[in-house]
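Peer 1: sequence and predicted structure below; questions after.
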Amino acid sequence: MIELVGFSLRALSAHRLRTGLSMLGIAIGVASVVLLTSIGEGTRQYVFSQFNQFGTNLLSINPGKSETIGIPGVLGGSTQKLTIDDALAIERLPEVDYVVPTIFGAAEVEAEGRARSVFVYGVTPAIEPVWKVYVRQGSFWPTIDPREEMSAAILGPTLKRELFGAKNALGEFVRISGSRFRVVGIMNERGSLLGIDVDDTIYIPSASAMRLLNQDEITELHVQFNPGLPTAQVVKRVKAVLTARHGREDYTLNTQEAMLSVFGNVMTAITGAVGAIAGISLLVGAIGILTTMWIAVGERTHEIGLLRALGAAEDQVRRAFLTEAATLAAAGGALGLAIGLGLCAILRAAVPGLPVETPLAFAVAAIGVSTLTGLAAGVLPARRAAKMNPVEALRAD
Amino acid sequence: MIRLVGVTRTYEVGGRPVHALAGIDEHIAPGEHVAIMGPSGSGKSTLLNVIGCLDRPSSGRYVLAGRDVSELGERELDLVRRNDIGFIFQSFHLVGRLSALENVELPLLFAGVGRRERRERAVKALSAVGLADRATHRPDQLSGGERQRTAIARALVTQPKVLLADEPTGNLDTKSGGQVLDLLDRLHHEGITLVVVTHDPNVARRAERLIVLVDGRIAKRLPAAEVRSLDELFAPAPTRDTP
Amino acid sequence: MRALDLFRFAAGALTRHLLRSGLSLLGVAIGVTAVVVLVSLGESARRYVLDQFASIGNNLLIVVPGKTETSGAFPGLGGAPNDLTLADVAALKRQVRGVADVAAMSAGTETVEARDRRRQVAVLGATDNFLRVRRLELARGEFLPSDEAERGRAVAVIGTQVARELFPGADPIGQVIRIGSWRFRVIGLVAPMGTQLGINIDEIVIVPVATGLKMFNRTSLFRVMVELAPGADAEETERRVVALLTERHGEEDVTVLSQDSVVSAASGILRALTLAIGAIAGISLAVAGIGILNVMLVSVTERTREVGLLRALGAGRGQVLWVFLIEAALLSSVGGLVGLAAGAGLTALFGQIFPALAGPPPAWAAAAAFLTALSTGVTFGLLPARRAARLDPVEALRTSK
């Protein structure tokens, strides 16, 4: 085997330019696959890590369900609103650690003679453990009965900067749709998530937000449960409580787990598709190797005749050429991997925001796939070489 | 027709100059038939290449048909080869994928001659060498003699002033070699200027006169009738007294 | 040398090595096919989206309550500082030049009941002109009566899916449904349209807008759709709409989306995506070009003696260059043509399977793919062709085979 590879290497280095070009073809294919899948995989991991910092022991509940409930004879009132009382009922479950009855909408926030339209979040102090967002300066308003209003607000850092500039905002007042709120805290910097600045917001107590935004139900209910418990069990318990309160399942419950896996599947599919499109180059590169090897067999007819005359079996000739094709492709793959990784590094340095991640498995697969591609491309030329009549081959010049 | 004055041709081989032609002065008149002989490495092929404008002298002057071609640029030399020179090679140099007729058409192709005229002239040239019936055959379907006659037809199709042949019978058996030489003789009688490089005295004998090259210089000029084998030519001159 | 002769000569050289030429050609063909198919799929998707927008009318301005600085994101998820009211709608219709009609919408989700069946649906409050402005059609019955917007009479128009589920096998017209605690008589059935811009028209219930507002205890409309008068300037009218509402509300608290800006943004994004995917597929053309380069290099080496002969016969360097360049161009252009044909075939096949994406490959994509292939071939053919042209004729003739 070692001898075969050595023999192939000598044969390949006899035509350096041609060998180099065939390798380059495979290398371009491998490099583009590596680069594009790395970007895809990086994005997936980035978004995962963004969500994972919330933990997977989360549920979200939204009002309304678009499915026909065709059970005849069941009567009931109109749809039940999703209320803060529902949230409190769920919070009483032993499995549940925290609930956040969330209301959100757009409103204008005024202070210091400036006004800015932003998203208003009606929340409870439980967002600190649940959303993993923390007050940087000042402190959260005290934990109160979430059904009660309170004129306290926490500013996102962008909004704080826009309204107050470098000045101190703590203790100052802001007006939201005509109501006055005292600023009790400034949130930590969170940056932007998928292009939206999540720091350009204001947080106020849930009940205040409902009044201000003129909403009679909560937009979304976030539930954090004991991470040691299986998600399915918690879902069952939460559904039991809520369905009992509403008379039927008129809400939609999503688990963080399910959302992440759907998102992961979508990203993997997109990455796979883009990788496959880039992989067309690999196919074309393989055709290049097939062509080169075919030509090489033709040129080396005399050599093949000599090998056979010296006692090489058909099979050995076949293997020699297969090895040559595979070596060519594997070297091309390695080159492509190096180029791909280099481009990834350049991209990472040039565009810091762009997540680029090359899993080791990809790197191994890139070499493996290109070697297999080379083997496949070598089959036809190797057969041609092996089937040559040694006498006629020797006569060829 | 051909006038060479102090023509040299020097190559660099491994950084050292090699004088393939070391000063040739020669005049070949229109319609002459000249043979060039000499041992391997004597410079006879180089001389033929220079005469054929494939190669350019390193120094000296070369006047072809009254025109100094030693100063011409490459494009002009292309035209000279295309219009005034016909080449015949030892190994025929036919293009394997083309038929005999297409091979003969080749020079006209590059001269931009229209398709119909090209065909007419090629057919005429093939007929002139007696191969009208082999026009559609590819080289591998022709005998050696037929291949060389095709090559001659190709050389003639542009109606050149000078026909240059490098060992035209080198790859042929005696019989087809003889046919090729007869053909060349006939062309010579029709008025073409013919220069043949050979080491075969039987080929050289057909010329009117003989030039013998040694180490890039003209060593001897002989009437063709005095041609002997190369060995004899370069054997120590026999003394008159010995019987 | 005449062009046609040049082509014949080059083609002759290529057909001498059919397998080799075929493989080089195949590489180009695969690349072109990939580019053509992917770009036409992308373009079809773009057209599909544009058609969706066009189906709701291309002369609309959509007024949404609320305003955020964050561009792109849809504002107005909840209440806004000032309500967008039916009085605003009336004012827009009356006072703004260039406005042909104004339709108002409210929205909410409620349980709809008929006899013993029940389901959650999106309940849309609408004015009588909504049907025309939104370019919907009725399958049966009639739409909301014209003067009912203010009074809020208890009539409803329902989507086909809702009808099927609430009244399986029965005629819904004239039947009574309960929406929350309200009773309505069904007077019309919207023709099936399927999902348009994320709203499934077949799964909604439409009631008079005033009733819709009361039912959900809302004071602000969900959307206002302003239909432009024929020939009215969209931007100018948009400015007037904003000016009037700002005057009535005392501040600028609405967002106006013009059909044009939304469509061109969506179209631009999709076109960019299509181009990116086409470019990724186009990498394979570069690889195919390298294949051509390799084959042509081999060809030049093999034909060194032929080059020498051609030079001896009076062919100039330029002519030799052209001979090899044309060969490379032929390889790539024939490959490109095969790729175009295969691409058109595959696109047609996709069209059969997914009728929504049917449509021939865009001419610009086909032309771009072909020209890229051709120029790749010529570019990569240049190196071998120059190598051939630069051969020394004397050396070339002496080369042993």
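Peer 2: Structure received. Because the structure is a prediction, the values reported are computed rather than measured.
Peer 1: can you give me the strands in the chain?
Peer 2: Reading this off chain A. In chain A, the strands defined using DSSP state E lie at A:58-63, A:68-69, A:96-111, A:114-123, A:135-138, A:152-155, A:173-176, A:179-187, A:192-193, A:196-197, A:201-205, A:220-225, A:251-255.
Peer 1: other chain: chain B
Peer 2: Using DSSP E, strands in chain B cover B:2-13, B:16-28, B:33-37, B:59-64, B:67-68, B:85-88, B:162-166, B:193-197, B:209-214, B:217-223.
Peer 1: if I look at whatever residue of the stretch 201-350 of chain A ends up closest to chain B, how far off is chain C?
Peer 2: As assessed by C-beta to the nearest C-beta, chain B sits closest to residue A:298 within the stretch 201-350 of chain A, at 14.5 Å. (Each C-beta comes from the backbone N, C-alpha and C, glycine too.) From residue A:298 across to chain C, the span is 9 Å (C-beta to the nearest C-beta, to the nearest Å).
Peer 1: please list the residues of chain B that sit near chain C.
Peer 2: B:49, B:52, B:54-55, B:74-75, B:78-83, B:85, B:87, B:89, B:93, B:95, B:97-98, B:106-107, B:109-112, B:114-115, B:154, B:158 (C-beta under 8 Å from any C-beta of the partner chain).
Peer 1: run the last query once more with 7 Å
Peer 2: Within reach of chain C by C-beta under 7 Å from any C-beta of the partner chain, chain B has these residues: B:49, B:54-55, B:75, B:78, B:81-82, B:87, B:93, B:95, B:97-98, B:106-107, B:109-112.
Peer 1: centroid-nearest residue for the chain?
Peer 2: Here I'm looking at chain A. residue A:44 (1.2 Å; C-alpha atoms, centre = their mean).
Peer 1: the intended chain is chain C.
Peer 2: residue C:46 (0.7 Å).
Peer 1: the one helix or strand it maps to and chain A, are they touching?
Peer 2: Per DSSP states H and E, residue C:46 falls inside helix C:18-55. Yes - Helix C:18-55 reaches chain A (C-beta under 7 Å from any C-beta) through C:19, C:20, C:23, C:24, C:26, C:27, C:30, C:31, C:34, C:38.
Peer 1: tabulate those in a markdown table, adding columns for pLDDT and neighbour count.
Peer 2: Output for the residues of helix C:18-55 next to chain A, formatted as a markdown table (pLDDT from 0 to 100; neighbours: other C-beta atoms under 10 Å in any protein chain shown):
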| residue | pLDDT | neighbour count |
| --- | --- | --- |
| C:19 | 89 | 14 |
| C:20 | 89 | 22 |
| C:23 | 91 | 24 |
| C:24 | 91 | 29 |
| C:26 | 93 | 20 |
| C:27 | 92 | 34 |
| C:30 | 93 | 24 |
| C:31 | 92 | 32 |
| C:34 | 92 | 28 |
| C:38 | 89 | 26 |
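Peer 1: and the residue of the stretch 201-350 of chain A closest to chain B, how many neighbours?
Peer 2: Counted with other C-beta atoms under 10 Å in any protein chain shown, the neighbours of residue A:298 add up to 18.
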